[in-house]
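Peer 1: Have a look; sequence and predicted model below, questions after that.
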Number of protein chains: 2
Amino acid sequence: MIVVKIGGNILDTPERLQRFLIDFAKLPGPKLLVHGGGKIASAIGQRLGITPKMVEGRRVTDAETLDLVTMVYGGLVNKQVVAQLQALGCNAIGLTGADANLILATKRPVREVDYGFAGDVAGAPDINVQALEAFFSVGLTPVCAPLTHDGKGSMLNTNADTIASVLATALAPKYSVKLVYCFEKRGVLQDPEDDASVIRHIDSQKYSHLKATGVVSAGMIPKLDNAFAALEQGVEQVLICEAEALASLNQDNFSGTTLSIL
Amino acid sequence: MIVVKIGGNILDTPERLQRFLIDFAKLPGPKLLVHGGGKIASAIGQRLGITPKMVEGRRVTDAETLDLVTMVYGGLVNKQVVAQLQALGCNAIGLTGADANLILATKRPVREVDYGFAGDVAGAPDINVQALEAFFSVGLTPVCAPLTHDGKGSMLNTNADTIASVLATALAPKYSVKLVYCFEKRGVLQDPEDDASVIRHIDSQKYSHLKATGVVSAGMIPKLDNAFAALEQGVEQVLICEAEALASLNQDNFSGTTLSIL
């Protein structure tokens, strides 16, 4: 079982997306794709006159932003990816957390900041693994948008890295799960300015050290936290690499970062 | 098996939609919902500066309109309905024709008019009935947006009445299927201005007569054509009624129109 997350920047580049989807469609065995949003939501939001609300560098999801991401992530991006995968012979099915009650979340409690319709997922028990198994058993490949629901009638906005991590974790008791974060960089970089400075392997001890010395950037920490959380809860392997490396995951020339907890 | 189509005007009225979804969630046995688009797509299109393209009173789906309906029908409307049904205890799963390769369509050939990305569905063989059966077998209720795909990577825009009819037809060999068109009027009206003038029963002979004498309006003809096509291909019963009549389908006080081919 392979759970792949594809980052927003790749979605914004049709050629890179197409190449990525060709590689994804070729992966053998059961698989699941989680996609981010990309700049499309901001661009459409701008045309609609919706100004992005940020607090402490994090997006705040007010009611109109929730409608925007539901349209763009759950509709436009998700269905374009699904239609393209279908054309590549991969029987994809687009899902949000509301569909088949796949991912139940809680609207983030208001403390210092009101994040609006941001959905927090507590963990694997909030995932409908039975539905996923039913899809895999008939050869379907779930394509998940970064949206959840609250079980009370409202959609919620949830980080795609978190969704990938929690889905991989929920599948871990039943399958041997590999989790792959694909994005525009070659891996976790020693020097963010130098694309060749990929750190080939990070274990939990090294991760603590990298955090303490400030080598990993603020933007990378949530991704790595999600990754190590997945490993600690039974996911077999977590890889962080550029989209183009998906075809060479198990090869000696794999150019990304491999994480482990040992 | 009941296949229900809910028209656009109901989707535009939150109170009527909520009441309809409560009634729909209560229907026993396997069921499927097809929704239209409503005025939301036009309203958002207007805010995005997309002007509706009409030829001979029919919407033409150019590339930006396809993106618009993919966002609004496949994302916003579909996920709001799914999230609300989940809150009502109905395990809904939102689908377009691309998801699970549910409905394969052909881009309408350009003759006198280029309808753009309009998808024509040839009939029941273009439906992935196996996928629907898999969903029903695990207790899922499909909620279908009026979108199909061409199998070559593109989404297509398809009339919701047609989708309801062809899905009902495709299910007819396996189930005893009832097809219900719910909209804002009480049924097929003798006098379009008089909501009390519901024609209680129309058979194929009477339908020919109503068409010949101009009693049924141009807007109603495609709906009725779809309905009679479904009956001729094995759908057991077709009903046309207002959304509020869904709760009284099998009761003596049912206020809509019943169709038959005898």
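Peer 2: That came through, no problem.

Peer 1: what distance separates the start and the end of stretch A:211-228?
Peer 2: This stretch, stretch A:211-228, spans 13 Å end to end (CA to CA, to the nearest Å).

Peer 1: make that stretch A:152-172, sorry
Peer 2: 28 Å.

Peer 1: for stretch A:112-122, same thing?
Peer 2: Taking CA to CA as the measure, stretch A:112-122 stretches 20 Å from start to finish.

Peer 1: Enumerate the positions of that stretch that are buried.
Peer 2: For stretch A:112-122, burial by neighbour count (16 or more other CB atoms under 10 Å in any protein chain shown) applies to A:Tyr115, A:Gly116, A:Phe117, A:Ala118, A:Gly119, A:Asp120, A:Val121. For every residue, glycine as well, the C-beta is placed using N, CA and C.

Peer 1: Show me how far stretch A:238-252 is from its chain's centre.
Peer 2: With CA atoms, centre = their mean, to the nearest Å as the basis, stretch A:238-252 stands 15 Å off its chain's centre.

Peer 1: before we move on, back to that, the buried residues of stretch A:112-122: which two are farthest apart?
Peer 2: Within the buried residues of stretch A:112-122, A:Gly116 and A:Val121 form the most distant pair, 16.3 Å apart (CB to CB).

Peer 1: give me phi/psi at the one residue in chain A that gets nearest to chain B?
Peer 2: Among all residues of chain A, A:Gly75 sits closest to chain B, at 2.1 Å; criterion: CB to the nearest CB. Backbone torsions of A:Gly75, given as degrees, to the nearest 10, read phi -100, psi -80.

Peer 1: Nearest spatial neighbour of it, chain-adjacent residues omitted?
Peer 2: Excluding its sequence neighbours, the residue lying closest to A:Gly75 (CB to CB, 6 or more residues apart in numbering or on different chains) is B:Gly75, at 2.1 Å.

Peer 1: For A:Gln86, see how far away that neighbour is.
Peer 2: In this view, B:Gly75 and A:Gln86 are 18 Å apart by CB to CB, to the nearest Å.

Peer 1: higher neighbour count, these two?
Peer 2: Taking neighbours as other CB atoms under 10 Å in any protein chain shown, B:Gly75 and A:Gln86 compare with B:Gly75 leading, 32 against 26.

Peer 1: helix or strand right after the worst-scoring helix or strand of chain A on mean pLDDT?
Peer 2: Taking mean pLDDT, DSSP states H and E as the measure, chain A has strand A:58-60 as its least confident helix or strand, at a mean of 80. As assigned by DSSP states H and E, the chain's next helix or strand after strand A:58-60 is helix A:63-71.

Peer 1: do that next one and chain B meet?
Peer 2: Yes: with CB under 8 Å from any CB of the partner chain as the measure, helix A:63-71 is seen reaching chain B through A:Asp67, A:Thr70, A:Met71.

Peer 1: tell me the contacts of the residue nearest to A:Gly123 when sequence neighbours are not counted?
Peer 2: Nearest non-adjacent residue to A:Gly123, counting by CB to CB, 6+ apart: A:Val166, 6.3 Å away. Contacts here follow CB atoms under 8 Å, 6 or more residues apart in numbering or on different chains; on that basis A:Val166 touches A:Ile103, A:Val121, A:Gly123, A:Ala124, A:Asp126, A:Ile127.

Peer 1: that older thread, can you verify my assumption that the residue nearest to A:Gly75 contacts A:Leu66?
Peer 2: No: here B:Gly75 does not reach A:Leu66: they are 11.4 Å apart, not a contact under CB atoms under 8 Å.

Peer 1: Give the burial count for A:Gly214, as a bare number.
Peer 2: 8.

Peer 1: A:Glu232 now?
Peer 2: A:Glu232: 11 surrounding residues under other CB under 10 Å.

Peer 1: how much space between it and A:Ala172?
Peer 2: Counting by CB to CB - A:Glu232 and A:Ala172 are separated by 10 Å.

Peer 1: Next: A:Ala118.
Peer 2: 25 Å.

Peer 1: go on, A:Ile261?
Peer 2: 13 Å.

Peer 1: Tell me the confidence at A:Val113?
Peer 2: The score at A:Val113 is 89. That number is its pLDDT.

Peer 1: Could you pull out the buried residues of stretch A:203-220?
Peer 2: By neighbour count on 16+ other CB under 10 Å, the buried set for stretch A:203-220 is A:Tyr207, A:Leu210, A:Val215, A:Val216, A:Met220.

Peer 1: what sits against the residue of chain A closest to chain B?
Peer 2: B:Thr70, B:Met71, B:Val72, B:Tyr73, B:Gly74, B:Gly75, B:Leu76, B:Asn78, B:Lys79.

Peer 1: Of those residues, grab the buried ones for ChimeraX.
Peer 2: Filtering those down to the buried ones (16+ other CB under 10 Å) takes a single ChimeraX command:
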select /B:70,71,72,73,74,75,76,78,79
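
Peer 1: Throw the contacts of A:Gly75 into CSV and include pLDDT, thanks.
Peer 2: Output for the contacts of A:Gly75, formatted as CSV (pLDDT from 0 to 100):
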residue, pLDDT
B:Thr70, 98
B:Met71, 97
B:Val72, 97
B:Tyr73, 97
B:Gly74, 98
B:Gly75, 98
B:Leu76, 97
B:Asn78, 98
B:Lys79, 98
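
Peer 1: Looking at the contacts of A:Gly75, which is nearest B:Glu244?
Peer 2: Relative to B:Glu244, and with distances defined as CB to CB, the nearest of the contacts of A:Gly75 is B:Asn78, at 22.4 Å.

Peer 1: ok, the residue lying closest to A:His149 once chain neighbours are set aside - how many residues close by?
Peer 2: Spatial nearest neighbour of A:His149, chain neighbours left out: A:Ala98 (3.8 Å); criterion: CB to CB, 6+ apart. Residues near A:Ala98, counting by other CB under 10 Å, number 36.

Peer 1: on that earlier part again, ok, the least confident helix or strand of chain A: who's next to it in the sheet?
Peer 2: Using DSSP bridges, the strands paired with strand A:58-60 are strand A:53-55 (antiparallel).

Peer 1: what's next to the partner strand, contact-wise?
Peer 2: Strand A:53-55 is contacted from outside by A:Arg59, A:Val60, A:Thr61, A:Asp62, A:Thr65, A:Val113, A:Tyr115, A:Gly116, using CB under 8 Å, 6+ apart.

Peer 1: mind checking the SS state of the residue nearest to A:Ser217 when sequence neighbours are not counted?
Peer 2: Leaving aside its sequence neighbours, A:Ser217 sits nearest to A:Pro192 (CB to CB, 6+ apart; 5.8 Å). Classification of A:Pro192 using DSSP: H, G, I helix; E, B strand; the rest coil returns coil.

Peer 1: A:Tyr122: what's it in contact with?
Peer 2: Let me fix one detail, which is that residue A:122 is Ala and not Tyr. A:Thr106.

Peer 1: A helix includes it, no?
Peer 2: No: looking at A:Ala122 with three-state DSSP, it is coil, so not inside a helix.

Peer 1: Which phi and psi values does it adopt?
Peer 2: phi -70, psi -40.

Peer 1: any idea which element the residue nearest to A:Gly123 lies in?
Peer 2: Under DSSP H and E, the secondary-structure element containing A:Val166 is helix A:160-171.

Peer 1: per-residue confidence averaged over that helix?
Peer 2: 97.

Peer 1: What distance do you get for A:Ser248 to B:Glu15?
Peer 2: Counting by CB to CB, the gap from A:Ser248 to B:Glu15 is 55 Å.

Peer 1: Between these two, which has more neighbouring residues?
Peer 2: Taking other CB under 10 Å, A:Ser248 and B:Glu15 do not tie; A:Ser248 has more neighbours (14 against 8).

Peer 1: Let me see the contact set for the closest residue to the more buried one other than its chain neighbours.
Peer 2: Take A:Ser248 and drop its neighbours on the chain: the residue closest to it by CB to CB, 6+ apart is A:Phe254, 5.2 Å away. Contact analysis of A:Phe254 by CB under 8 Å, 6+ apart lists A:Leu239, A:Cys241, A:Ala245, A:Ser248.
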